[in-house]
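Visitor: Here is a sequence together with a model predicted from it:
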Amino acid sequence: MSEAGNNVPNTSASARGSIDIPRKTNYDSLEQLPAMVSDDIETAGPILDSVFAVPDSFEDLGYAIDGEGHLTASTGSTGSHKQLGSRKRHNSCIKEIEMGVDEMSLGRDGAMGDDVTTLESSTSSAGEAAVTLPLSDDDVIGEMTSSDQRDLTQMEEWISQPKHVFVLSDSGKPIYTRHGTADRLVTLTGVMQALVSFVDSDGDALRCIMTDTHSIVFVVRGPILLVSASRSRESVQQLVVQLTYVYNQIVSVLTQGQLTRIFKQKSNFDLRRLLAGTEKFIDNLLDWTESDAGALLCAVKCLPLSVAYRDAIGTDMENVKVKDLVFGILIAKDQLVQLVRLRKYALHPADLHLIFNLVRSNSSFREAESWTPICLPRFDPTGYLHAYVNFITEDVCLLLLTIDKEAFYTLSECRVKLVDKLTRHRCLEALTDAVSRSRIRVAHVELPDLWHFLYKTRNSAQYICPEYEAPYQDPAERARLFAMYQFIHHRLHNPARSLKIVYHHGNRETLLGWVTSGFELYVAFSPLVTKPAAIGAVNRLLRWIKKEEDKLFILNSHLYN
């Protein structure tokens with residue numbers, strides 16, 4: 001093991017709560033990465049000109065890989081699944097990797113036979129000794145008796161929660177619950193698993209159960225079952241997207257192939273042992289999906305910044321490129337500043353959301369240079385990239401993603417050179433100023449009846465959302481407005497009957513939703529606005545966005561040569 005592997009500070013063990021991350025596919029060369037080829041343009045979007053991979057629809061987030069590696073999507077009221085044979089999934093490349101490499105340095109799918117009873121794991125690539133985890137009955141959760149602890153389903157405080165999210169294995173073993181502890185929900189998770197198995201035995205799939213007060217949504221991803229029981233106004237589609245984010249968060253730690261292999265060897269394995277310490281990441285991700293337009297729109301918010309400075313930052317990031325560096329990402333307060341990538345490779349907005357959540361949920365990243373493996377499910381669910389993470393200022397975070405597990409010190413030197421260039425070109429000063437003035441205000445548009453809006457450019461999967469001002473300064477009012485945006489979004493994207501324009505006049509505000517091939521727009525007006533005035537205001541708003549687009553969006557794609 002090299003020196004870099006033995007002395008890397010602040011490894012993922014501390015960054016992720018000292019968890020054990022099973023060893024999984026790591027890339028030995030750039031040729032092993034999942035290239036996004038031109039014949040997959042329907043799914044990936046215009047990757048040669050866009051900053052990252054562009055989803056072609058809201059439903060794109062709900063796609064999943066089945067047990068045979070096919071892309072599937074839920075359809076119909078019964079939740080039956082169809083195989084999307086014509087839409088090749090660009091980030092499922094494990095077969096190509098296996099054909100190109102005889103033996104991976106840290107193992108790969110298929111490297112362990114059915115007779116193998118141990119699972120290698122490592123906290124990071126920092127050179128710590130591997131830990132052997134026996135898949136024995138000791139790792140399986142024993143069912144709790146009534147004398148152990150009181151069942152959470154009998155507690156009024158637990159029952160009164162507006163939304164519950166559960167993750168369990170296909171054998172009914174609890175893995176995660178949003179409220180309470182999974183140990184105290186063994187009976188309930190067993191009922192959930194029984195419902196899914198009963199419907200599955202008839203050759204169907206349980207998609208949702210609707211009652212007068214609750215929507216109960218089921219999502220099956222390989223050996224993992226995810227359930228959401230909600231009293232909110234969110235649609236089934238929106239709840240499925242939230243559950244998909246939870247699944248992707250789990251995959252980002254363990255990889256999809258590792259999950260499949262674990263449960264193939266031991267169907268009642270206690271996965272919480274490997275996920276210990278990551279609960280806060282799932283909690284924070286769920287809080288984010290319920291209040292941020294990024295998940296709703298499947299888009300990324302960019303830091304408003306002069307195009308000259310943004311391009312200068314991108315050029316500086318290009319010029320400090322090192323071998324095997326795949327992505328360079330600069331973010332500030334949950335906003336994308338710049339992204340530089342290798343040609344042919346792109347990131348999906350959902351993967352960027354996971355990266356944002358990793359940085360947002362981990363305060364230790366602010367203390368020192370960090371090194372952590374991460375699996376990006378939409379890029380490639382079968383292997384890890386290795387992320388160098390460092391806050392170059394109080395609010396600006398640099399992430400460098402590479403396939404080289406020994407590249408910590410190389411990337412640390414790369415960061416020093418980049419900071420020097422950004423300082424000499426006064427980009428850091430511009431970034432600090434932009435962060436302090438990054439708020440977009442509705443008053444900038446100068447429309448008296450305009451209260452708030454969301455705008456997404458569909459060809460680049462970026463969006464803008466101004467500050468919540470009067471009458472949405474109260475958190476309860478902001479939550480209510482966001483629920484109304486979700487309602488309008490569902491009307492526009494309802495698979496049974498999608499619409500292009502929705503005009504909704506309510507007692508508290510008037511809302512307009514509009515979807516075209518180029519953008520999505522959601523606008524909240526005063527309840528006294530007339531329809532002609534609202535249409536005129538929307539046209540003026542679009543002209544303002546067009547005028548400011550160089551500052552609001554990343555228009556130029558920067559590539560590593």
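Guide: On my side now, so go ahead.
Visitor: Every contact and neighbour count from this point should use C-alpha atoms.
Guide: Will do.
Visitor: low-scoring stretches of this protein, by residue?
Guide: 1-154 (pLDDT under 70).
Visitor: just the strands in the stretch 351-500 of the chain please.
Guide: Along the stretch 351-500 of the chain, the segments classed as strands by DSSP state E, counting those that start in this stretch run 370-374, 383-391, 396-402, 450-457, 462-464.
Visitor: Including mean neighbour count and distance to Gln338, could those go into TSV?
Guide: Formatted as TSV, the strands of the stretch 351-500 of the chain follow (neighbours: other Cα atoms under 10 Å; distance: least, Cα to Cα, whole Å):
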stretch	mean neighbour count	distance to Gln338
strand 370-374	25	20
strand 383-391	25	15
strand 396-402	23	10
strand 450-457	21	17
strand 462-464	24	12
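Visitor: wait, which of the ones you listed is closest to Ser160?
Guide: Ranking the strands of the stretch 351-500 of the chain by proximity to Ser160 (Cα to Cα) places strand 450-457 first, at 31.3 Å.
Visitor: that older thread, Ala483: which of the strands of the stretch 351-500 of the chain is closest?
Guide: That would be strand 450-457 among the strands of the stretch 351-500 of the chain, by Cα to Cα, at 13.2 Å.
Visitor: List the contacts of the closest residue in space to Phe356 that isn't next to it in sequence.
Guide: Leaving aside its sequence neighbours, Phe356 sits nearest to Asp334 (Cα to Cα, 6 or more residues apart in numbering; 6.1 Å). By Cα atoms under 8 Å, 6 or more residues apart in numbering, the contact set of Asp334 is 301, 356, 360.
Visitor: For the first one, the count of nearby residues, please.
Guide: The tally of other residues near Lys301 (other Cα atoms under 10 Å) stands at 21.
Visitor: Could you check how far the residue nearest to Ala537 when sequence neighbours are not counted is from Asn539?
Guide: Distances taken as Cα to Cα, 6+ apart place Leu447 nearest to Ala537, at 6.8 Å, with adjacent residues excluded. Here Leu447 is placed at a distance of 11 Å from Asn539 (Cα to Cα, to the nearest Å).
Visitor: These two: which is more packed in?
Guide: The neighbour comparison of Leu447 against Asn539 (other Cα under 10 Å) goes to Leu447, with 14 against 11.
Visitor: What does that one show for phi and psi?
Guide: phi -120, psi 110 (degrees, to the nearest 10).
Visitor: One more: Trp514?
Guide: Residue torsions, per degrees, to the nearest 10, at Trp514 are phi -140, psi 130.
Visitor: My understanding was that it contacts Glu520; is that so?
Guide: Yes. Trp514 is within contact range of Glu520, at 5.8 Å (criterion: Cα atoms under 8 Å).
Visitor: Would you map the helices across the stretch 351-500 of the chain?
Guide: Here the stretch 351-500 of the chain has its helices, by DSSP state H, counting those that start in this stretch, at 408-424, 427-436, 475-493.
Visitor: I meant to write the stretch 151-300 of the chain there.
Guide: With DSSP H, counting those that start in this stretch as the criterion, the stretch 151-300 of the chain has helices spanning 156-159, 186-200, 236-254, 256-265, 272-275, 279-289, 293-297.
Visitor: What is the longest helix along the chain packed up against?
Guide: For the chain, the helix that runs over the most residues, judged by DSSP state H, is helix 531-552. Helix 531-552 sits against no helix or strand, with contacts defined as 3 or more Cα pairs under 8 Å, 6 or more residues apart in numbering; DSSP states H and E.
Visitor: Show the end-to-end separation of stretch 290-303, please.
Guide: End-to-end distance (Cα to Cα), stretch 290-303: 21 Å.
Visitor: in it, what's buried?
Guide: For stretch 290-303, the neighbour count (16 or more other Cα atoms under 10 Å) marks 290, 293-303 as buried.
Visitor: Residues contacting it, please?
Guide: 55, 58, 61, 238, 241-242, 288-289, 332, 334-337, 349-350, 352-353, 434-435, 438, 454, 456, 461-465, 479, 482, 486, 552-554.
Visitor: next one: stretch 306-321 to chain centre, how far?
Guide: Mean-position distance between stretch 306-321 and its chain equals 25 Å (Cα atoms, centre = their mean, to the nearest Å).
Visitor: Check stretch 532-546 too.
Guide: With Cα atoms, centre = their mean, you get 32 Å for stretch 532-546.
Visitor: Stretch 176-189 too?
Guide: For stretch 176-189, the distance to the chain centre is 24 Å (Cα atoms, centre = their mean).
Visitor: Ok, stretch 162-174 next?
Guide: 20 Å.
Visitor: do the same with stretch 547-561
Guide: Centroid separation for stretch 547-561 versus its chain: 22 Å, with Cα atoms, centre = their mean.
Visitor: List the buried residues for it?
Guide: 550-560.
Visitor: Dump these to a markdown table, plus distance to Pro162.
Guide: Output for the buried residues of stretch 547-561, formatted as a markdown table (distance: Cα to Cα, whole Å):
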| residue | distance to Pro162 |
| --- | --- |
| Asp550 | 41 |
| Lys551 | 39 |
| Leu552 | 35 |
| Phe553 | 36 |
| Ile554 | 37 |
| Leu555 | 40 |
| Asn556 | 42 |
| Ser557 | 42 |
| His558 | 44 |
| Leu559 | 45 |
| Tyr560 | 46 |
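Visitor: Now tell me what touches stretch 229-236 from outside.
Guide: Contacts for stretch 229-236 (Cα under 8 Å, 6+ apart): 162-165, 208, 213-217, 483, 486-487, 490.
Visitor: Tell me which strands the next helix or strand after the longest helix of the chain pairs with, and in which orientation.
Guide: Using DSSP states H and E, the helix or strand that directly follows helix 531-552 along the chain is strand 558-560. Here strand 558-560 is paired, per DSSP bridges, with strand 335-342 (parallel).
Visitor: could you give the angle of the strand it pairs with to strand 396-402?
Guide: Compare the direction of strand 335-342 with that of strand 396-402 by axes from the mean of the first three to the mean of the last three Cα atoms, to 10 degrees and you get 20 degrees.
Visitor: ok, and what's touching strand 335-342?
Guide: 51, 300-303, 305, 310, 313-314, 317-318, 325-331, 554, 557-561.
Visitor: same deal with stretch 394-402?
Guide: 324-333, 366, 385-392, 411, 431-432, 435.
Visitor: repeat for stretch 526-540
Guide: For stretch 526-540, using Cα under 8 Å, 6+ apart, the contacting residues are 447, 449-451, 505-510, 523, 525.
Visitor: in it, what counts as buried?
Guide: 526, 529, 534, 537-538.
Visitor: Over to stretch 439-447?
Guide: Quick answer for stretch 439-447 (16+ other Cα under 10 Å): 440, 442, 445.
Visitor: My read is that the last one contacts Leu541, right?
Guide: Meaning Val445. Yes. Using Cα under 8 Å, Val445 is in contact with Leu541, at 6.6 Å.
Visitor: isn't Asp170 right next to Gln193, touching?
Guide: Yes. Contact criterion Cα under 8 Å: Asp170 and Gln193 qualify, at 6.5 Å.
Visitor: list the residues that contact both of these two?
Guide: Leu225.
Visitor: Those two: which is more packed in?
Guide: More neighbours surround Asp170 than the other of Asp170 and Gln193, with 24 against 19 (other Cα under 10 Å).
Visitor: hmm, back to that, could I get the helices of the stretch 351-500 of the chain as a markdown table with distance to Leu398 and mean neighbour count?
Guide: Shown next, in a markdown table, are the helices of the stretch 351-500 of the chain (distance: least, Cα to Cα, whole Å; neighbours: other Cα atoms under 10 Å):
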| stretch | distance to Leu398 | mean neighbour count |
| --- | --- | --- |
| helix 408-424 | 8 | 17 |
| helix 427-436 | 12 | 16 |
| helix 475-493 | 30 | 18 |
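Visitor: Would you mind saying which of the ones you listed lies nearest Thr177?
Guide: Between Thr177 and the helices of the stretch 351-500 of the chain, the shortest gap by Cα to Cα is with helix 475-493, which sits at 22.7 Å.
Visitor: So which residues make contact with the closest one?
Guide: Contacts for helix 475-493 (Cα under 8 Å, 6+ apart): 58, 233-235, 237, 291, 296, 468, 471-472, 497-502, 512-515, 522.
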